[in-house]
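> A structural model of the following input is requested.
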Amino acid sequence: MILDHDRARALHAAASEVLPGGVSSNFRLNGTPVPLTFVHAEGPRLFDVDGNVYVDYALGMGADILGHAPAPLIAAVQASLAGGQLFAGQHPSEADLARALRARMPSLERIRFGGSGSEMIHAAFRLARGFTGRSLVVKFEGHYHGWYDDILVNTAPPWGVAGDDGSVPLRVMSTGQIAPTNVAILPWNDASALERFLAARGDEVAAVVNEPIGCNTCVIEPVPGYAETVRAATARVGALLIYDEVITGFRAAPGGAQERLGIRPDLTVVAKAFGGGFSIAALGGRADVMGLVVTGGVLHGGTFNANTTSIAAGLAVLDALDADAYTRIDRAGTRLMDGLRTLGARHGLPLNVQGMPGVFNTAFTTHLPIRSAADYAQADAALQGRFLVELQERGVRPTARGTWFVSTTHDDEAIDQTLDGADGALAALAGS
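All right, here's what the predicted structure looks like:
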């Protein structure tokens, strides 16, 4: 089954005359046969310029947890528009959304809003440095915390080998990027490396930041006891623990990965699903730390922070994410994950399906379990790439890295269509 992409090719060529690469984000550059152009989306489906229809598991890179164009979200945003968007002042719904967030994540004692996860992660680092008087931030291989110069390091292979102090050599990810001098990188799920590093340099560390579940690298959960080790070790050396829940927030559980893991971080950043496709992010955490933006000289600002449109979207999303919504996501995601595993075995292919019903990853590997970025590097990336192309040609669209996001609108019909497409895709791979 080969879909027609003639119109997409023509539009991409025309767009490339005004947009570098024909796109507005480098993460969209490598579409096949070109970055596709979509004209409509509804529920779990995307419609492209050539009339092709896809069951969508990219979901705006995880943002569309209610599916595309959900009626309650659209109605809430439409109702907000007539009242104005930017006041250079406050609106009552701003505090309402903060209260709704804190009800889901009690660790968010005080909250500030912004426009993107990258931006609020940067704010979290500034707060941590202001609070501790230290400069060093520790992150983990394969964990992505935005594209800013000061943290875009070691997010892609080749992976390093930990030295005597537990850290791996720092690598920047972009030409033109200024290499940060105040970031250290450790391997994930390696308690010994963490303890060695903190024993050597703990008094320099302002914060340890992590994706509590590594959704940017194969949806890798912490091994038993590791999350607790990180929490205890940071507290012991007086560093703050920052959870980047840009993806896991409201997907891993109603209260995010911190609820699932039973850990209370000092600071948390949430975005993506929180806005249901609208641009909003939040940084929250301990009242004494967050209070530095008022009394401690730590600057946080932004023209578009807490604009009425995004606040209305956030309130609508949290209101819609009730117990029934999570039941639907869990049911659909579990059925899809189990079905993909069954199909992989049926076709004699080493398809590993790893993660949670709301977000999981596929990879082809016999090197199991996948507990770190280095483990994930053993997977067959070429075979994964072919699988994703075969899926797309059968009307199924995960992300380009093999991450699958599930929404409240992925019903039995969508899952049936997906598994039929995966069956054909895997048959094609096995046959070749």
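> just for this protein, where's the confidence low?
Counting by pLDDT under 70, the chain contains low-confidence residues at 1.
> quick check: domain ranges of it?
Domain ranges of the chain: 6-65+322-431, 71-320, per automatic domain parsing.
> Who are the contact partners of Ala252?
Neighbouring residues of Ala252 by C-beta atoms under 8 Å, 6 or more residues apart in numbering: 212-213, 245, 259-260, 356, 358-359. Placement of C-beta: from N, CA and C, glycine included.
> can you redo the residues you listed as CSV with neighbour count, distance to Ala13 and secondary structure?
Output for those, formatted as CSV (neighbours: other C-beta atoms under 10 Å; distance: C-beta to C-beta, whole Å; DSSP: H, G, I helix; E, B strand; the rest coil):
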residue, neighbour count, distance to Ala13, secondary structure
Pro212, 26, 42, coil
Ile213, 23, 39, coil
Glu245, 29, 39, strand
Glu259, 19, 47, helix
Arg260, 18, 45, helix
Met356, 22, 39, strand
Gly358, 26, 37, coil
Val359, 25, 34, strand
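> now, the most widely separated pair of these?
Glu259 and Val359 (14.9 Å; C-beta to C-beta).
> looking at it, Thr268 is touching Ala257, isn't it?
No: counting by C-beta atoms under 8 Å, Thr268 sits too far from Ala257 to count as a contact (9.4 Å).
> what do these two both touch?
243, 245, 249.
> Distance of Gly277 relative to Val77?
Relative to Val77, Gly277 is positioned 10 Å away (C-beta to C-beta, to the nearest Å).
> Ok, Arg328 next?
To Val77, Arg328 is 22 Å away according to C-beta to C-beta.
> Doesn't Gln384 lie inside a strand?
No: per DSSP: H, G, I helix; E, B strand; the rest coil, Gln384 lies outside any strand segment and is helix.
> so what's it up against?
Residues in contact with Gln384 (C-beta under 8 Å, 6+ apart) are 362-364, 402.
> Out of these, the closest to Leu299 would be?
Distances from Leu299 to the contacts of Gln384, taken by C-beta to C-beta, are shortest for Gly402, at 39.0 Å.
> The residue lying closest to the closest one once chain neighbours are set aside in helix, strand or coil?
Spatial nearest neighbour of Gly402, excluding adjacent residues (C-beta to C-beta, 6 or more residues apart in numbering): Thr362 at 4.9 Å. Under three-state DSSP, Thr362 falls in the strand class.
> so how many other residues sit close to Thr362?
26 (other C-beta atoms under 10 Å).
> what do you get for Ala13?
By other C-beta under 10 Å, 11 other residues sit near Ala13.
> roughly how far is the helix or strand hosting it from the heart of the chain?
Take DSSP states H and E as the rule and Ala13 turns out to sit in helix 6-15. In terms of C-alpha atoms, centre = their mean, to the nearest Å, the centre of helix 6-15 is found 29 Å from the chain centre.
> helices and strands around it, which ones?
Using 3 or more C-beta pairs under 8 Å, 6 or more residues apart in numbering; DSSP states H and E as the contact test, no helix or strand touches helix 6-15.
> how about the helix or strand that comes right after it as PDB, C-alpha atoms only?
Per DSSP H and E, the first helix or strand lying C-terminal to helix 6-15 is strand 38-42. Taking Å, rounded to 0.1, in the frame of the first residue of the first chain, the C-alpha atoms of strand 38-42 are listed here in PDB:
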ATOM      1  CA  PHE A  38      -1.900  18.500   7.100                       C
ATOM      2  CA  VAL A  39      -5.100  20.400   6.600                       C
ATOM      3  CA  HIS A  40      -7.400  19.100   9.200                       C
ATOM      4  CA  ALA A  41      -7.500  17.000  12.400                       C
ATOM      5  CA  GLU A  42     -10.300  15.500  14.400                       C
END
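> which strands and helices sit next to strand 38-42?
strand 45-48.
> residues of stretch 333-349 that come out buried?
Neighbour counts using 16 or more other C-beta atoms under 10 Å place 333, 335-337, 339-340, 343-344, 347, 349 of stretch 333-349 among the buried residues.
> Equivalent analysis for stretch 296-315, please.
Buried positions in stretch 296-315, judged by neighbour count with 16+ other C-beta under 10 Å: 298, 300, 305-315.
> Stretch 140-157 now?
Buried residues in stretch 140-157 (16+ other C-beta under 10 Å): 140-147, 150-155.
> what's in contact with that stretch?
116-119, 121-122, 125, 137, 139, 159-160, 168, 170-174, 177-180, 182-183, 185-188, 209-211, 214, 216-217, 220, 244, 372-374, 376-377.
> Just the buried ones among those, please.
116-119, 121-122, 125, 137, 139, 159-160, 168, 171, 180, 183, 185-188, 209-211, 214, 216-217, 220, 244, 372-374, 376-377.
> Do a quick rundown of the helices in the stretch 151-300 of the chain.
Along the stretch 151-300 of the chain, the segments classed as helices by DSSP state H, counting those that start in this stretch run 191-201, 226-237, 256-261, 287-290, 292-295.
> Check which helices and strands the fourth one is in contact with.
Based on contacts counted as 3+ C-beta pairs under 8 Å, 6+ apart, the elements that helix 287-290 packs against are strand 110-114, helix 117-132.
> Dump those to a markdown table, plus distance to Gly431.
As requested, the helices and strands packed on helix 287-290 are arranged in a markdown table below (distance: least, C-beta to C-beta, whole Å):
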| stretch | distance to Gly431 |
| --- | --- |
| strand 110-114 | 49 |
| helix 117-132 | 41 |
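> who wins for proximity to Ala282 among the ones you listed?
strand 110-114 (5.3 Å).
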